[in-house]
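[1] okay, predicted coordinates and the sequence, questions at the end:
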Protein chains: 2
Amino acid sequence: MSDPRAAAIQYAHDHQDRFLEELKEFATIPSISTDPAAVPDMQRAAEWVAAQLHALGLEHVQVYATNRHPVVYGDWLKAGAKAPTALIYGHYDVQPADPLELWTSGPFEPTVRGENIYARGITDMKGQVLASIKAIEAIVRTSSLPVNVKFLIEGEEEIGSPSLVPFMHEHKDLLACDFAVNPDTGMLSPDLPTITYALRGLAYFELRVHGPDHDLHSGVFGGAILNPAQALCELIAGMHDAQGHITLPGFYDSVRPIEAEERAELARLPITDEFFLRNTGAPALYGEAGYTPIEHVGARPTLEVNGLLSGFTGEGAKTVLPAWAMAKISCRLVPDQDPEEVHQQMLKYLEAHAPKTIRWTLAKHTGGPASISDRKSAYVQALSQAMETVWGKRPVFKREGGSVPVVTQFQQILGVESVNTGFGLPDDNMHSPNEKMHLPTWRRGIDALIHFFFNLAQ
Amino acid sequence: MSDPRAAAIQYAHDHQDRFLEELKEFATIPSISTDPAAVPDMQRAAEWVAAQLHALGLEHVQVYATNRHPVVYGDWLKAGAKAPTALIYGHYDVQPADPLELWTSGPFEPTVRGENIYARGITDMKGQVLASIKAIEAIVRTSSLPVNVKFLIEGEEEIGSPSLVPFMHEHKDLLACDFAVNPDTGMLSPDLPTITYALRGLAYFELRVHGPDHDLHSGVFGGAILNPAQALCELIAGMHDAQGHITLPGFYDSVRPIEAEERAELARLPITDEFFLRNTGAPALYGEAGYTPIEHVGARPTLEVNGLLSGFTGEGAKTVLPAWAMAKISCRLVPDQDPEEVHQQMLKYLEAHAPKTIRWTLAKHTGGPASISDRKSAYVQALSQAMETVWGKRPVFKREGGSVPVVTQFQQILGVESVNTGFGLPDDNMHSPNEKMHLPTWRRGIDALIHFFFNLAQ
């Protein structure tokens, strides 16, 4: 370990009490992005972050107004053209705090109990944002940054980041970088450093089946007219075969197979069947034949029915033959599936299987491709080594079943991959009352980020 | 034609203008059973009917109070023990009249335009009730009734007859009869006298499929947990085979086959494919292989999805893996299916086909068996001959796809079959604005009922 590195780590340890006080200060600001009454707090939180960046000696620190909540930017680009440039992402907004009565201490009165600190947004993601800032502080106060950094801290993550895509398009040059760091994904347990290297994409549809042009009396016409709800169910039932494979034509053609080495890596994850059963309450697990649950949720595409609606759904009985039936259907995608290709596959399936006794329409909603990072890239390896240094064990590599839109947007707009990490834990009550963060893990996270930045320069 | 018969017909013709005036009087009473403000009008309508029965010289005329709207009863039993006793059913209540702005003349200002009279309830079924009364009047004023008659005129048909079943149980002896006459079913066209000899029954279920114990994020868990909406669709899809047969185990075991002669009779009905297409707006007809549309809706059982509900059904996209999915499913039954047997068949189907990865519950709603009358019975033949006499052609025999609860109740509580007829037409706008009745058909109906009562005594 080089001297500057040791010095930065020492600085972080020496100042950990102050770091905690500053975290508490940040967490007292009720920056609830969805709350129209919180606009002044949103501004205050953005300025609080900007002041932190200023204090680091960053340049071009600016609070950019958007149509809704400000974006905070700041950079330090003096490591030279040969050093990599990291774009550090974060968000300063938080989820609403209700139901308030379920909180042990006030959601905006950050309170330490045992090894945890409790407050709304503490793990998602004010703690993570401050971990990045404090890692940089520890380096710049003791030596000098070996890499170029740009901070991009938005205020709309919890409401779908409506302003971020236009902001990225407008400031493409400002945001130019070699890779992004997104500490908004977490760890599996306090002793299991985790790198999330893949996120699934999404293709979302609304299928409507139309039968008669008005609701019919099921006695008068039932038997001579195909029931559109029945037709919808038959179409949906045909979308999976008995082995749980999806039957849309060509659906698996561009699905990247999971390599043996990756399967072995995924098998290391300490996520058991029991984990899935406990967290879902389902009576038994299900899944595409030939894959493990971890692979089902991370590395294989799915087709889910997200909603169904037709006819009479109130109390009791009504003998209606409904005019139409609707399903929301979405596919989680994996590399290298393309949402538009999946749309075409869905259309082909419907053209082939929909009977002539009904009409149908298919609408396309939000979607985006999956993302996957090269686990062998220098950036990922720099983080992996940093975590191994701090925790004394190699991190696990995890595929995440959901989408993190900003990762896809960085890929699509800025053309860069993200290193996805973070120091939150599964039991942190993200989006729930009594949100918490585990302080020893947070402190190890700051150390790991310090090592990460030094590793990047090697 | 015997002299008393000719005299009664002549009387009916001579008094047709007064009959029409009395019909108008009856139709001015806004006896909307569902309207709490109409309680005095309901009483007035019941008393108007009772006064008509009194005027016929009937005995035991009484307006019976119930929990809601009165039942009117009256009888004439002097034809002797050897003559049959007919229970003439009717209802004096009507549907609400709104939307009022769509009526050409006021719904309770009966107005003759051309060959039709327009008013709410005129065809459903004040005109039919008065046709029965006026047929009896024509006979008793000119000779004497050759049969015993009992009138049972209720005021709750349009709200599901909640008081009628208890009334029938309480007055079983009073209502004892050889058969019932229900003129609440109609004719297919003015020149096509129609006898409805079969009504389908009903078994109605609510199927719920439960997967996880709470809504899940489809990204985090999708692929490892069976989606209950998918499971529900697969269960429903399996309930029909590719030929449109229903696959519940034993479902067809007690279905009475349609005899060749009956099929020939049904084929006489002037109801074309085009009729079904025009009246439903469906793009094409559907149905169990091997049967005609008329047979599909009248003589074969069905399984319909009446409602579907699961997960997210609002605007846009939500990536939920829903905790549960629900379907309302009902079977129209034909003789000799039993609703409870069908319930057991549905349970067996679900036990055999529901996967272990979900839980399910099946609730049973309203239901009742089908009913069918012997087309060769003396009562049906008496009506058939009467119609042939008046219209100069043999009536068509029709199976009705829906249920008429009172027919089943007469069968179950009083142990008698119903002769189902009536002089309403398909374009009478029953339950819609500008409800009408075709006066020439109504007058032929009175004649036919006169012949019917004489035929019964032969």
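    Good, I have the coordinates.
[2] for the spatially most central residue of chain A, which non-adjacent residue is spatially closest?
    Central residue of chain A (C-alpha atoms, centre = their mean): A:V404, 3.2 Å from the mean position. Sequence neighbours aside, A:L199 is the residue nearest to A:V404 in space, at 5.3 Å (criterion: C-beta to C-beta, 6 or more residues apart in numbering or on different chains). C-beta coordinates here come from the backbone N, C-alpha and C atoms, glycine included.
[3] then A:P395?
    A:P193 (3.8 Å).
[4] and for the one you found, the neighbour number?
    26 (other C-beta atoms under 10 Å in any protein chain shown).
[5] one step back: give the contact list for the residue nearest to the centre of chain A.
    By C-beta atoms under 8 Å, 6 or more residues apart in numbering or on different chains, the residues touching A:V404 are A:N182, A:D184, A:T185, A:L199, A:N420.
[6] separation between the residue nearest to A:P395 and A:H15?
    The gap separating A:P193 from A:H15 is 23 Å, by C-beta to C-beta, to the nearest Å.
[7] quick one: buried residues of stretch A:180-198?
    A:180-188, A:192-198 (16 or more other C-beta atoms under 10 Å in any protein chain shown).
[8] now stretch A:346-359
    Quick answer for stretch A:346-359 (16+ other C-beta under 10 Å): A:M346, A:Y349, A:L350, A:A354, A:T357, A:I358, A:R359.
[9] out of those, who's nearest chain B?
    A:T357 (4.4 Å; C-beta to the nearest C-beta).
[10] quick one: the closest one is in a strand?
    No. Going by DSSP: H, G, I helix; E, B strand; the rest coil, the assignment for A:T357 is coil, not a strand.
[11] how near is it to A:R263?
    Relative to A:R263, and taking C-beta to C-beta, A:T357 is found at 45 Å.
[12] and A:W48, by the same measure?
    45 Å.
[13] neighbour-wise, which of the two wins?
    For A:W48 versus A:R263, neighbours defined as other C-beta under 10 Å are more numerous around A:W48 (18 against 15).
[14] mind listing what's buried in the host helix or strand of the more buried one?
    Per DSSP states H and E: A:W48 is located in helix A:39-55. Residues of helix A:39-55 classed as buried under the neighbour-count rule (16+ other C-beta under 10 Å) are A:D41, A:M42, A:Q43, A:R44, A:A45, A:A46, A:W48, A:V49, A:A50, A:Q52, A:L53.
[15] leaving out sequence neighbours, find the closest residue to the last one.
    In this case it means A:L53. A:G74 (3.6 Å).
[16] up against chain B, what does the stretch 351-458 of chain A have?
    Residues of the stretch 351-458 of chain A found near chain B (C-beta under 8 Å from any C-beta of the partner chain) are A:P355, A:K356, A:T357, A:I358, A:R359, A:H365, A:T366, A:E400, A:G401, A:G402, A:S403.
[17] okay but the fifth one is in contact with A:L207, surely?
    No. The pair formed by A:R359 and A:L207 falls short of the contact definition of C-beta atoms under 8 Å, at 11.7 Å.
[18] show me where the stretch 1-150 of chain A has strands.
    Ranges of strands in the stretch 1-150 of chain A, per DSSP state E, counting those that start in this stretch, are A:59-64, A:71-76, A:85-91, A:111-113, A:116-118, A:148-154.
[19] direction included, what does the second one pair against?
    Here strand A:71-76 has these sheet partners by DSSP bridges: strand A:59-64 (antiparallel), strand A:148-154 (antiparallel).
[20] angle of the shortest one against helix A:39-55?
    Going by axes from the mean of the first three to the mean of the last three C-alpha atoms, to 10 degrees, strand A:59-64 is angled at 180 degrees with respect to helix A:39-55.
[21] buried stuff in strand A:59-64?
    A:V61, A:V63, A:Y64.
[22] redo these as JSON lines? Include distance to B:H431 and pLDDT.
    Shown next, in JSON lines, are these (distance: C-beta to C-beta, whole Å; pLDDT from 0 to 100):
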{"residue": "A:V61", "distance to B:H431": "71", "pLDDT": "98"}
{"residue": "A:V63", "distance to B:H431": "64", "pLDDT": "98"}
{"residue": "A:Y64", "distance to B:H431": "62", "pLDDT": "98"}
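[23] which one of those sits closest to chain B?
    A:Y64 (27.7 Å).
[24] pull the contacting residues for the closest residue in space to the closest one that isn't next to it in sequence.
    Residue nearest to A:Y64 in three dimensions, not counting chain neighbours: A:V71, with 4.5 Å by C-beta to C-beta, 6+ apart. Contact analysis of A:V71 by C-beta under 8 Å, 6+ apart lists A:A46, A:V63, A:Y64, A:L152, A:I153, A:E154, A:G155, A:S163, A:L164, A:F167.
[25] again, 7 Å this time
    Residues counted as contacts of A:V71 (C-beta atoms under 7 Å, 6 or more residues apart in numbering or on different chains) are A:Y64, A:L152, A:E154, A:S163, A:F167.
[26] same question for A:M125.
    A:G90, A:H91, A:P183, A:D184.
[27] hey, what's the nearest residue to A:W324 once chain neighbours are set aside bridged with?
    Spatial nearest neighbour of A:W324, chain neighbours left out: A:H210 (4.8 Å); criterion: C-beta to C-beta, 6+ apart. Beta bridges link A:H210 to A:W324, A:R359, judged by DSSP bridges.
[28] correct me if wrong: A:H210 contacts A:A354.
    No. Contact criterion C-beta atoms under 7 Å: A:H210 and A:A354 do not qualify, at 10.8 Å.
[29] what sits in contact with each of these two?
    Contacts common to A:H210 and A:A354, judged by C-beta under 7 Å, 6+ apart, are A:W360.
[30] run a quick neighbour tally on the residue lying closest to A:L174 once chain neighbours are set aside.
    Take A:L174 and drop its neighbours on the chain: the residue closest to it by C-beta to C-beta, 6+ apart is A:Y73, 6.9 Å away. Residues near A:Y73, counting by other C-beta under 10 Å, number 23.
[31] ok, now which ones touch A:Y73?
    A:Y73 neighbours (C-beta under 7 Å, 6+ apart): A:H60, A:Q62, A:Y64, A:F151, A:L152, A:L174.
[32] tell me which of those is nearest to chain B?
    When the contacts of A:Y73 are compared against chain B (criterion: C-beta to the nearest C-beta), the nearest one is A:L152, at 23.4 Å.
[33] the closest one pairs with what?
    A:Y73, A:Y89.
[34] what ranges does chain A have for its helices?
    Counting by DSSP state H, chain A has helices at residues A:3-14, A:16-27, A:39-55, A:127-142, A:164-170, A:218-221, A:228-237, A:260-267, A:273-280, A:293-298, A:339-353, A:378-391, A:405-409, A:439-456.
[35] and the ones you listed, which is most packed in?
    Among the helices of chain A, ranked by average contacts under mean count of other C-beta atoms under 10 Å in any protein chain shown, first place goes to helix A:228-237 (a mean of 26).
[36] how about that one and chain B, touching?
    Yes. Judged by C-beta under 7 Å from any C-beta of the partner chain, helix A:228-237 comes into contact with chain B at A:A229, A:Q230, A:C233, A:E234, A:I236, A:A237.
[37] tilt between that helix and helix B:228-237?
    110 degrees.
[38] any idea how far helix A:228-237 is from the middle of the chain?
    33 Å (C-alpha atoms, centre = their mean, to the nearest Å).
[39] what does stretch A:413-431 give?
    With C-alpha atoms, centre = their mean, you get 6 Å for stretch A:413-431.
[40] and stretch A:84-93, by the same measure?
    On C-alpha atoms, centre = their mean, the centre of stretch A:84-93 falls 14 Å from that of its chain.
[41] avg pLDDT for it?
    The average pLDDT for stretch A:84-93 rounds to 98.
[42] contacts for it, please.
    Under C-beta under 7 Å, 6+ apart, the answer for stretch A:84-93 is A:31, A:33, A:42, A:45-46, A:49, A:69, A:125-126, A:128-129, A:132, A:147-158, A:175, A:177-182, A:406, A:456.
[43] one more time with 6 Å
    A:31, A:33, A:45, A:49, A:125, A:129, A:132, A:147-155, A:157-158, A:177-178, A:180-182, A:456 (C-beta atoms under 6 Å, 6 or more residues apart in numbering or on different chains).
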